[in-house]
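Peer 1: Can you look at this prediction? I've put the sequence above it.
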Amino acid sequence: MGKNPKSSSHPVAPLQSKPNQDISYEGERLDELLLSIQREIKTTRDLNAESLPEKFWLKKQFAIGVNEVTRVLERMTPCGDSARLMNPNYKTCTVKLQAILLTANCNPRWLTNHVPTLAMSRKVPLILVKDKEGSLRLGELVSLKTAIAIGIKANGSPINQLIDEILQRTT
């Protein structure tokens, strides 16, 4: 018997790691990851003599929140250029994500169910933060109370170099 195509189009299963795509961090490993990212953000911000307020500087470096991450992912060209073949007037997005930090304990789960699928279709690595207070810890990175998802924009910054190193170590 075949599967119902309707039921497979909306995944409701809990987030799970896929080889070479999603990376999970918890415990001491998570502490080290977040601390190194936080240090790099502070160092990069201090080195940048731009007169931008912190809020605007962070917006140039990150897509903050599920809605913003989703928006950027949807504007990125899916792998295989299927969007361009279907619509010749399709415009490529100027903003690309290097990786996404996503809390694994989001409640309700449906808020983030679509992110892993979108990320995989755009070949953007997903870094799952497995911690009871994951949204609080991600929020600290971007000077907010909480954040469920943070997309790291690929713009050649030292933060991107750190994320590259982290992704290289895990593959």
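Peer 2: In hand now; what should we look at?
Peer 1: going forward, measure contacts and count neighbours with C-alpha atoms only.
Peer 2: Fine.
Peer 1: and after the worst-scoring helix or strand of the chain on mean pLDDT, which helix or strand comes next?
Peer 2: Every helix and strand in the chain was compared by mean pLDDT, DSSP states H and E; the lowest is helix 5-8, with a mean of 40. Sequence-wise, the next helix or strand downstream of helix 5-8 (DSSP states H and E) is strand 22-25.
Peer 1: So which residues of the chain form strands?
Peer 2: Taking DSSP state E as the test, the strands found in the chain are 22-25, 62-64, 97-103, 126-129, 149-153.
Peer 1: Could you export those strands as a markdown table, including mean pLDDT, mean neighbour count and distance to residue 136?
Peer 2: A markdown table is the format used below for the strands of the chain (pLDDT from 0 to 100; neighbours: other Cα atoms under 10 Å; distance: least, Cα to Cα, whole Å):
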| stretch | mean pLDDT | mean neighbour count | distance to residue 136 |
| --- | --- | --- | --- |
| strand 22-25 | 81 | 19 | 15 |
| strand 62-64 | 95 | 23 | 13 |
| strand 97-103 | 94 | 24 | 9 |
| strand 126-129 | 92 | 24 | 11 |
| strand 149-153 | 96 | 25 | 11 |
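Peer 1: Next, name the residue at the spatial heart of this protein.
Peer 2: Here the mean C-alpha position of the chain is nearest to the C-alpha of residue 100 (Cα atoms, centre = their mean), at a distance of 1.3 Å.
Peer 1: Enumerate the beta-bridge partners assigned to the residue nearest to it when sequence neighbours are not counted.
Peer 2: What sits nearest to residue 100 in space, not counting adjacent residues and going by Cα to Cα, 6 or more residues apart in numbering, is residue 151, at 4.3 Å. Residue 151 forms beta bridges with residue 63, residue 100, as assigned by DSSP bridges.
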